[in-house]
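Chemist: Sharing a model that was predicted from the sequence below.
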Amino acid sequence: MFTFYRFEWSFGEATAIETMSSPNLVVTNGILQPGTHNPATINTSHEWDRDEIKILPNPTQSWLEIDFFSKMQGKVTLTLMDESGRMLGQKQFDYYGTGRIEKMDLSRYANGQYFLNILLDPTGNYSVTKRGTYKVQKLK
């Protein structure tokens with residue numbers, strides 16, 4: 001599994017947005033802001049809402065993209081399982097509530113159905129643990 005970073009840059013635009021932060025760095029400046037055209041609401045249920053997370057393409061032949069839009073912060077655990085419930089892989093990362101894209105390579109797995117369990121253990125002002133299990137179809 002790999003982590004992908006996304007950088008956008010433009011010349012000649014007025015500075016309309018400014019954000020600085022720490023710990024672990026959040027920098028925002030200018031007009032190009034990914035995901036701000038449709039930010040997620042704050043959802044305090046235990047399940048992921050459709051505007052907080054997107055998994056695509058599904059079905060997939062190789063790479064699966066998991067897009068996070070939730071405003072909640074915490075430690076995210078992604079667990080990939082086969083149909084029998086056997087764990088095939090797991091990844092953890094800190095999520096800062098500012099959007100993130102994670103990718104998983106499913107090309108080495110056989111065709112069939114898999115399950116992706118996504119868990120967010122909250123930090124900060126939120127006390128709701130988010131969880132969801134999603135069916136993923138792997139095609140040749």
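Modeler: Now that the structure is in, tell me what you want to look at.
Chemist: Mind listing the residues bridging to residue 117?
Modeler: Beta-bridge partners of residue 117, counted by DSSP bridges, are residue 79, residue 133.
Chemist: Spit out the contact partners of it.
Modeler: With contact set as C-beta atoms under 8 Å, 6 or more residues apart in numbering, residue 117 has these partners: 77, 78, 79, 80, 81, 131, 132, 133, 134. No exception for glycine: its C-beta is placed from N, CA and C like everyone else's.
Chemist: and the nearest residue to the fifth one once chain neighbours are set aside, helix, strand or coil?
Modeler: Same thing as residue 81. In this structure, residue 81 finds its nearest non-sequential neighbour in residue 115, 4.6 Å apart by C-beta to C-beta, 6 or more residues apart in numbering. Counting by DSSP: H, G, I helix; E, B strand; the rest coil, the backbone at residue 115 sits in strand.
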